[in-house]
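S.K.: turn this into a model:
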Amino acid sequence: MANKTTAEKLATIQKGYTLEGATIELGAAIVDGELHKEAQVRLPLAMMNRHGLVAGATGTGKTVTLHMMAEQLSTAGVPVFLADIKGDLSGLATAAAGSEKLKARTDSIGQAWSGKTFPVEFLALGGDGNGIPVRATITSFGPILLSRVMELNDTQESSLQLVFHFADKNNLELIDLKDLRAVIQFLTSDEGKDALEELGGLSKSTAGVILRELVNLEAQGLERFFGEPEFDTAELLRTAPDGRGVITCLELPTLQTKPMLFSTFLMWLLADLFEDLPEAGDLDKPKLVFFLDEAHLLFNGASRAFLNAITTTVRLIRSKGVGIVFVTQTPKDVPASVLGQLANRIQHALRAFTPEDAKALKATVSTFPVSDYDLEETLTSAGIGEAIITVMNEKGAPTPVAHTRLRAPESVMGPSTEELINSTVGGSALLAKYGTAVDNVSAYEKLTGKTAAPTGEAAPGQPPAPRTSGHSRSVQSRSGQADLDAEARRIEEEILGRPSSRPAPVPDRGAGTDAPSRRAPEPAAPAGGGMAGDLAGVLGGALGGGLKSMARSLGTQLGRELLRGVFGTSSRRRR
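M.R.: Numbering: from 1, shown residues only. All right, here's what the predicted structure looks like:
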């Protein structure tokens, strides 16, 4: 390496980044301290679903890099999802103005620059910010992701799995937090003690802890993030009338106050896409590129179940045409099981001010292929807007490491005006669909006999479900009770791994008489669904405790129903 001339090093980079198909242009290579615009560094568009990592210390240009990449993906007809944490990415909707300084930079790297606007859709979690409100129902969010938000331990997470299973089997729709609270209150009440015993692995004390954490979420005002109409993640896959990909920008103005919720919500969007999208194989360009900013928030204190589920999602979602780019400070922020699947690497400068910084620097260098650069020196001396790059080429091999001066975005590197954002949101076709929250009949109303709370006019196309009387909702048929008893015995035998102690059901001779009660409604039809191959191992760890035997019974009806999805998510929605 040390004996190579500058020309030889340059030739290696030029050959390594000479690609045949469509590409994302990243910038020009710097070799031996000199910028060479004839050595263009690029990323094959077809390899964007091999996932990537944009890393670097604060202030080194990571946000500008993903901004620049999003512009080119949109131009290529690829939809993009971005989490706008600092509010800077809304500038994608506004054309940038040129300057002499900008022209000098773009000319030096061979970039033909012109100011442009891009098609942007603005979203906001639960309406927290300027954008179309994004909500999820509790049932589709699932117990693993909800456990992450509530910071439950493994035992409590396994118990919450059982609560969801009980609700699924008994046609108790978990739409918002009050629905889940009502189900847990029912199970811990005198009326629900039999059902609690039937669940076996759920103790009253653990249910009480979960209930307390649930009340804490409501006290923090998090109920606005859960409800209907639920956001359909297919909205992220749209293209504009001119063929460019729509850039969906999710505003997160209060991230620092609710980091766990926001990072987990982003994972829900991915999990939902994973469940809904068909297998696509290798495509000329991805269906969607999903940028996960502040990725370290996903992994801090995460349970093994959550990490396993993320790993599985990252590994399998690429075959459905979705690329994920993790954005964080150092590769050390990402678990090795996930980092090993990130083929495209854009590493901005790192600092080595402390022993911990020096350790992170050495770990980062070790993740790169052997190169002609002294990476420890290059990574600590790289300027703002420069990065060390290696990506996967069209043949699936890593490209040479290249110290690169990156291209400049063509839209504003900062926020758009509030007037532009508001007018864009007001003119969006999604506003009529998701703008107004609705409160349909669900578990809370069924268990308490109360009517749904008024929510004003429903959004167009989303009329509230027809209401039925509290008395008729609380009546359980004889066949429904028999099914529930049979299911209870099956749960005890298959989940707890022991013969059932429950007696066989006695025929009800008074079946013709309706008796009001607070029992759960009759069981729903089986939900079905399950991914036996890869998910059997994941859910064996994810479900935990007595549920592990369930994960080994994926072929059974009960296994398919309780499995739900990678994160325990469910595709049964009321959209």
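S.K.: quick one, what contacts the residue most central in space within the chain?
M.R.: Most central in the chain under CA atoms, centre = their mean is Met267, positioned 1.8 Å from the mean C-alpha point. With contacts defined as CB atoms under 8 Å, 6 or more residues apart in numbering, Met267 is in contact with Leu145, Leu298, Ile310, Thr313, Phe567. (C-beta placed from N, C-alpha, C; glycine too.)
S.K.: distance of it from Ala46?
M.R.: When distances are taken as CB to CB, to the nearest Å, Met267 and Ala46 turn out to be 26 Å apart.
S.K.: got it, and Leu270?
M.R.: Distance from Leu270 to Ala46, by CB to CB: 21 Å.
S.K.: and those two? Which one has more around it.
M.R.: Leu270 (23 against 19; other CB atoms under 10 Å).
S.K.: for that one, give me the pLDDT.
M.R.: Confidence per residue is given as pLDDT, and for Leu270 that number is 89.
S.K.: these two touch, right, it and Gly323?
M.R.: No: when contacts are counted by CB atoms under 8 Å, Leu270 is not listed as touching Gly323 (11.1 Å).
S.K.: which residues are in contact with both of these two?
M.R.: Listed as contacting both Leu270 and Gly323 by CB under 8 Å, 6+ apart are Phe290.
S.K.: ok, back up a step: can you redo the contacts of Met267 as JSON lines with distance to Leu250?
M.R.: Converted to JSON lines, the contacts of Met267 look like this (distance: CB to CB, whole Å):
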{"residue": "Leu145", "distance to Leu250": "16"}
{"residue": "Leu298", "distance to Leu250": "15"}
{"residue": "Ile310", "distance to Leu250": "19"}
{"residue": "Thr313", "distance to Leu250": "18"}
{"residue": "Phe567", "distance to Leu250": "18"}
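S.K.: which among those gets closest to Ile384?
M.R.: Using CB to CB, Leu298 is the member of the contacts of Met267 that lies nearest Ile384, at 26.1 Å.
S.K.: tell me the first helix or strand C-terminal of the host helix or strand of Ala305.
M.R.: Using DSSP states H and E, Ala305 sits within helix 304-317. Beyond helix 304-317 on the C-terminal side, the first helix or strand identified by DSSP H and E is strand 322-328.
S.K.: now for that following strand, which elements pack on it?
M.R.: In this structure, strand 322-328 makes packing contacts with strand 52-55, helix 62-75, helix 259-276, strand 288-292, judged by 3 or more CB pairs under 8 Å, 6 or more residues apart in numbering; DSSP states H and E.
S.K.: can you dump the C-alpha coordinates of the second one into PDB?
M.R.: So that's helix 62-75. Taking only C-alpha atoms (Å, rounded to 0.1, in the frame of the first residue of the first chain), the coordinates of helix 62-75 have been written out as PDB:
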ATOM      1  CA  LYS A  62     -24.600  13.700   8.200                       C
ATOM      2  CA  THR A  63     -28.000  15.500   7.700                       C
ATOM      3  CA  VAL A  64     -26.700  17.200   4.600                       C
ATOM      4  CA  THR A  65     -25.600  13.900   3.200                       C
ATOM      5  CA  LEU A  66     -29.000  12.200   3.600                       C
ATOM      6  CA  HIS A  67     -30.600  15.400   2.200                       C
ATOM      7  CA  MET A  68     -28.400  15.100  -0.900                       C
ATOM      8  CA  MET A  69     -29.100  11.400  -1.300                       C
ATOM      9  CA  ALA A  70     -32.900  11.900  -0.800                       C
ATOM     10  CA  GLU A  71     -32.900  14.400  -3.700                       C
ATOM     11  CA  GLN A  72     -31.300  12.000  -6.100                       C
ATOM     12  CA  LEU A  73     -33.500   9.100  -5.000                       C
ATOM     13  CA  SER A  74     -36.600  11.200  -5.600                       C
ATOM     14  CA  THR A  75     -35.300  12.200  -9.100                       C
END
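S.K.: worst average pLDDT in the helices and strands packed on strand 322-328?
M.R.: helix 259-276 (a mean of 86).
S.K.: can you give me the offset of that one from its chain's centre?
M.R.: Taking the mean C-alpha point of helix 259-276 and that of its whole chain, the gap between them comes to 2 Å (CA atoms, centre = their mean, to the nearest Å).
S.K.: cool, stretch 178-186 as well?
M.R.: Per CA atoms, centre = their mean, the displacement of stretch 178-186 from the mean C-alpha position of its chain is 26 Å.
S.K.: try stretch 376-388
M.R.: So, by CA atoms, centre = their mean, the centroid of stretch 376-388 is 30 Å from its chain's centroid.
S.K.: can you get me the start-to-end distance on it?
M.R.: When the termini of stretch 376-388 are compared using CA to CA, to the nearest Å, they are 11 Å apart.
S.K.: low-confidence stretches in this structure?
M.R.: Scanning the chain for pLDDT under 70 picks out 1-2, 255-256, 451-575.
S.K.: flag every buried residue along stretch 388-396.
M.R.: Under the neighbour-count criterion of 16 or more other CB atoms under 10 Å, stretch 388-396 has Ile388, Ile389, Thr390, Val391, Met392, Asn393 buried.
S.K.: kindly report the same for stretch 441-453.
M.R.: Neighbour counts using 16+ other CB under 10 Å place Val441, Ser442, Ala443, Tyr444, Glu445, Lys446, Leu447, Thr448, Ala452 of stretch 441-453 among the buried residues.
S.K.: tell me which element the fifth one falls in.
M.R.: Glu445 is part of helix 443-448, with elements assigned from DSSP H and E.
S.K.: starting at the chain centroid, how far to stretch 123-138?
M.R.: The chain centroid and the centroid of stretch 123-138 are separated by 14 Å under CA atoms, centre = their mean.
S.K.: correction: the previous question concerned stretch 440-447.
M.R.: With CA atoms, centre = their mean as the basis, the distance from the averaged C-alpha position of stretch 440-447 to the chain average is 28 Å.
S.K.: what's the answer for stretch 72-92, then?
M.R.: Centre to centre, stretch against its chain (CA atoms, centre = their mean), the figure for stretch 72-92 is 16 Å.
S.K.: ok, stretch 240-259 next?
M.R.: With CA atoms, centre = their mean as the basis, the distance from the averaged C-alpha position of stretch 240-259 to the chain average is 13 Å.
S.K.: ends of it, what's the gap?
M.R.: Stretch 240-259 has its terminal residues 32 Å apart, counting by CA to CA.
S.K.: list the buried ones in it?
M.R.: Neighbour-count burial for stretch 240-259 flags 240, 244-253, 255, 258-259 (criterion: 16+ other CB under 10 Å).
S.K.: of those residues, which belong to strands?
M.R.: For those, the ones inside strands are Ile247, Thr248, Cys249, Leu250, Glu251, with DSSP state E as the criterion.
S.K.: between the residues you listed, which sits nearest Thr424?
M.R.: The shortest gap between Thr424 and any of those belongs to Cys249, at 9.8 Å (CB to CB).
S.K.: from Val54, how far off is that closest one?
M.R.: For Cys249, the distance to Val54 (CB to CB) stands at 17 Å.
S.K.: then Met47?
M.R.: Counting by CB to CB - Met47 and Val54 are separated by 15 Å.
S.K.: residue contacts, Gly281?
M.R.: Ser319.
S.K.: ranges for the helices of the stretch 1-150 of the chain?
M.R.: In the stretch 1-150 of the chain, the segments counted as helices under DSSP state H, counting those that start in this stretch are 6-16, 62-75, 100-108, 138-141, 143-150.
S.K.: check which residues of the second one are buried.
M.R.: Meaning helix 62-75. With burial defined by 16+ other CB under 10 Å, the residues of helix 62-75 counted as buried are 62-74.
S.K.: of these, closest to Thr417?
M.R.: Proximity of those to Thr417 was ranked by CB to CB; the top entry is His67 with 17.3 Å.
S.K.: so how far is Leu266 from that closest one?
M.R.: With distances taken as CB to CB, His67 is found 18 Å from Leu266.
S.K.: ok, and the closest non-adjacent residue to Asp357?
M.R.: Of all residues beyond its chain neighbours, the one nearest Asp357 is Arg351 (5.6 Å), with distances taken as CB to CB, 6 or more residues apart in numbering.
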